[in-house]
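Colleague: sequence first, predicted model second:
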Amino acid sequence: MAIFHLSMKVGRRGKSSAAAHAAYILREDQYAARITSGKERLESSGSGNLPSWATSDPLTFWAASDAFERSNGSTYREMELALPRELSADQRNQLLQDFISQEISDKHSYTFAIHNKIADDGEEQPHAHLMWSERQLDGIERDANQFFKRANKKDPTKGGAAKGWGDHAGQTLTAAERAADLQAIRARWATMTNSALAKAGHEEQVDSRTNLARNIMRAPERKIGPLGTNKQWDHIREKRAAKRAKNRPAPDAPKPQQKAQQKAPQPRLQAPQPQTKAKAPPRPQPPTPTEPSIYQRIAKAARVTETSPDVPFFYRLKIDHETLETYSPVHPALEKLMTAKLFHEHGYVAARAPLKAIGQAIEKQPSIAADILASITQHTAFRPELEQKQASRTAQQNRRDFQHQQQREARDIEREMDGWGL
């Protein structure tokens, strides 16, 4: 019986290797033993639309993707597809090639392979892996380094290949739009599979929709997995069931609180005691004011709100040359500030001088506190442009966090839809 399966995966730099995954698909290097051992067959494999510097070796292209793609960028996309066992090996290969021509065409570099192993029922289990790069081919010759750089819209010859795949290439989609695109791909694959089955003279058909969408009032079956019919898996399930039964309390057993109440002796009846007026709770004393720390005093003098000693200033602390020259031998931090380039050029210390550096110097010799605080108070001015710069950085970080959250939600929806058979 033909079954339907199409799942989408994304590989990202730093989390998964595109070159290693391509070697796994092609059953090369350390994965060649899967074929030589006779456990499965590699019915078909190949690559297409590769640049001139990678036509002889597809793994070179995927290794360049791992090396030159931006940090956390997608190095490849992959679809895993179930192929009908009713079709022959040549018919399955033709079906996959038609799907590649329709979905990938000549716009992206890709690598594919068809694996076939024995399923739990003793029959064939043919399936295909199709991975491709989101970099769009535009006919411009680029080397490996430039190919994966950021695209230059004004002059494409100076930048890398643009990224994007599908009907909405280069657009930022919502989770619902990404889910709709995935459903459309699954429906197109089901249509092509049914056409191939009908052309080969088979009546079996596949459907990408859920049972609910097809008005089938039957709960979806649980995935069995590779150990579903194995005796070892039966042993594991029995062991887990015995452990749950052991930890489950007996139905007639009293609850822990009830058991404690049964053991506790019943108090004897006593004559009522005269009620006494309860004493009023003591009034809370106001907190004693504590002397502000040296870090808080510096922050107040510099007109900033950050009081943590490890947080750098986002303003510029201006200390006059004489004060800093006088006390710089006291602490290495002040000596470093004394020789800072910004101080000699502009007459003030850079904003990146943390409170901790100045505070430690003052703690080492408290007598210099008054002079340094007075110098900071006198020469430090409020810098609105620095506050605006920090606010801009915070807004950019919030936008990046929101985009990452949308991407995570979209990936979660894709996994759930794959599990539900959507």
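Modeller: Cool, got the structure.
Colleague: got the buried residues for stretch 172-191?
Modeller: Of all the residues in stretch 172-191, those buried under the rule 16 or more other Cβ atoms under 10 Å are 175, 178-179, 181-182, 185-186, 189-190. The C-beta positions use only the backbone N, C-alpha and C, and glycine is treated the same way.
Colleague: which residues sit against that stretch?
Modeller: For stretch 172-191, contacts defined as Cβ atoms under 8 Å, 6 or more residues apart in numbering pick out 4, 6, 8, 79, 81, 99, 102-103, 166-168, 206-208, 403, 406, 409-410, 413-414, 417, 422.
Colleague: which of the residues you listed count as buried?
Modeller: 4, 6, 8, 79, 81, 99, 103, 166, 206-208, 410, 413-414, 417, 422.
Colleague: mind picking the two most distant members of the residues you listed?
Modeller: Maximum pairwise distance among the buried ones among the contacts of stretch 172-191 (Cβ to Cβ): 25.3 Å, between Val206 and Ala410.
Colleague: which helices and strands sit right next to the lengthiest helix in the chain?
Modeller: The longest helix of the chain (DSSP state H) is helix 384-420. Judged by 3 or more Cβ pairs under 8 Å, 6 or more residues apart in numbering; DSSP states H and E, helix 384-420 is in contact with strand 6-12, helix 175-199.
Colleague: start to end distance for stretch 159-178?
Modeller: With Cα to Cα, to the nearest Å as the measure, stretch 159-178 spans 28 Å from end to end.
Colleague: with stretch 169-180 instead?
Modeller: 15 Å.
Colleague: quick one: average pLDDT of it?
Modeller: Taken as a whole, stretch 169-180 has a mean pLDDT of 82.
Colleague: got the CA positions of stretch 62-71 in CSV?
Modeller: Extracted C-alpha coordinates of stretch 62-71, given in CSV (Å, rounded to 0.1, in the frame of the first residue of the first chain):
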residue,chain,number,x,y,z
TRP,A,62,28.3,22.0,0.7
ALA,A,63,31.7,22.4,2.5
ALA,A,64,31.9,25.9,1.1
SER,A,65,28.3,26.6,2.4
ASP,A,66,29.5,25.5,5.9
ALA,A,67,32.5,27.8,5.7
PHE,A,68,31.2,31.0,4.1
GLU,A,69,27.5,31.2,5.0
ARG,A,70,26.8,33.8,7.7
SER,A,71,26.6,32.8,11.3
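Colleague: in it, which residues are buried?
Modeller: For stretch 62-71, by 16+ other Cβ under 10 Å, it's 62-66, 68-69.
Colleague: now, which of those sits nearest Gly122?
Modeller: Closest approach to Gly122 among these (Cβ to Cβ): Trp62, at 35.1 Å.
Colleague: helices or strands next to the helix or strand where the closest one lies in the packing?
Modeller: With secondary structure defined by DSSP states H and E, Trp62 is part of helix 58-68. Applying 3+ Cβ pairs under 8 Å, 6+ apart, one finds that helix 58-68 makes contact with helix 18-26, strand 74-82, helix 144-147.
Colleague: could the ones you listed be laid out in CSV, adding mean pLDDT and distance to Lys107?
Modeller: Listed next are these as CSV, based on pLDDT from 0 to 100; distance: least, Cβ to Cβ, whole Å:
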stretch, mean pLDDT, distance to Lys107
helix 18-26, 93, 18
strand 74-82, 94, 13
helix 144-147, 92, 14
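Colleague: among the ones you listed, which is nearest Lys117?
Modeller: Comparing those by Cβ to Cβ, strand 74-82 comes nearest, at 12.5 Å.
Colleague: in whichever helix or strand comes after the closest one, what counts as buried?
Modeller: The element immediately downstream of strand 74-82 (helix or strand, assigned by DSSP H and E) is helix 89-103. By 16+ other Cβ under 10 Å, the buried positions in helix 89-103 come out as 91-93, 95-96, 99-100, 103.
Colleague: got the CA positions of stretch 161-168 in CSV?
Modeller: Extracted as CSV, the C-alpha positions of stretch 161-168 are listed here (Å, rounded to 0.1, in the frame of the first residue of the first chain):
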residue,chain,number,x,y,z
ALA,A,161,23.9,35.1,-4.7
ALA,A,162,20.5,36.3,-3.3
LYS,A,163,18.8,34.0,-0.9
GLY,A,164,15.2,32.8,-1.2
TRP,A,165,13.2,29.8,-2.3
GLY,A,166,9.7,29.2,-3.6
ASP,A,167,6.9,31.6,-4.6
HIS,A,168,7.8,34.1,-1.8
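Colleague: what does it rub up against?
Modeller: 74, 77, 108, 132, 134-138, 140, 142, 147-148, 151, 156, 169-171, 177, 181.
Colleague: check the residues you listed for burial and list the buried ones.
Modeller: For those, buried by 16+ other Cβ under 10 Å: 74, 77, 108, 132, 134-137, 142, 147-148, 151, 181.
Colleague: mind putting those residues in CSV, distance to Ala20 included?
Modeller: Shown next, in CSV, are these (distance: Cβ to Cβ, whole Å):
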residue, distance to Ala20
Ser74, 16
Arg77, 16
His108, 20
Trp132, 16
Glu134, 19
Arg135, 19
Gln136, 24
Leu137, 24
Arg142, 24
Phe147, 20
Phe148, 17
Ala151, 27
Asp181, 27
